[in-house]
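Colleague: Curious how this folds, go ahead:
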Amino acid sequence: MKKMYSREDLILYAYNETELTDTVLIQHSIDGDPLVENEYKEIVDAVRALDEILLEPDEKTMNRLMQTLGLRSEV
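Modeller: Below you'll find the predicted structure:
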C-alpha cells in the first residue's frame, strides 16, 4: 500500500528537511506518480521564485536612516 504525502511533506522535501526514510519514500512517490511529480515541480518552482526575490529597504527609507545617523547616503 502506497503512503500518500501531503503538500507540507513535499515542501519539507523540497527544502531537504525530511528524515532519510521519508526522503527515500517521497522520492519514490514522486517518481511513481505523475500527480505527485507535478505538485512537487510546482513547489520547486515556487521555492526558486522565492529565492530570487530581493528584499531591500526602500531608497527613501535608507536615505532617512542615513540622514538620521548623520551619514551621507550613497544610495
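
Colleague: I'd like to know the average pLDDT value across stretch 50-61.
Modeller: Computed over stretch 50-61, the mean pLDDT rounds to 83.

Colleague: which stretch of helix or strand covers L55?
Modeller: L55 is part of no helix or strand when elements are defined by DSSP states H and E.

Colleague: From K3, how far out is it?
Modeller: 37 Å (C-beta to C-beta, to the nearest Å). Placement of C-beta: from N, CA and C, glycine included.

Colleague: So the two - more neighbours on which side?
Modeller: Higher neighbour count among L55 and K3: K3, with 10 against 4, using other C-beta atoms under 10 Å.

Colleague: which non-adjacent residue is nearest the residue most central in space within the chain?
Modeller: With distances taken as C-alpha atoms, centre = their mean, the residue of the chain nearest its centroid is V47 (3.2 Å). In space, V47 comes closest to A14 once its chain neighbours are excluded; the distance is 5.3 Å by C-beta to C-beta, 6 or more residues apart in numbering.

Colleague: Next, the buried residues of the one helix or strand L10 maps to.
Modeller: Per DSSP H and E: L10 is located in helix 7-14. For helix 7-14, burial by neighbour count (16 or more other C-beta atoms under 10 Å) applies to D9, L10, I11, L12, Y13, A14.

Colleague: Farthest-apart pair in these, please.
Modeller: For those, the farthest-apart pair by C-beta to C-beta is D9 and A14; their separation is 9.8 Å.

Colleague: rewinding a little: contacts for the helix holding L10?
Modeller: Helix 7-14 is touched from outside by Y5, T18, D22, T23, I26, Q27, V36, E39, Y40, I43, V44, V47, with contacts defined as C-beta atoms under 8 Å, 6 or more residues apart in numbering.

Colleague: change it to 6 Å
Modeller: Contact with helix 7-14 is made by T18, I26, Y40, I43, V44, V47, as judged by C-beta atoms under 6 Å, 6 or more residues apart in numbering.
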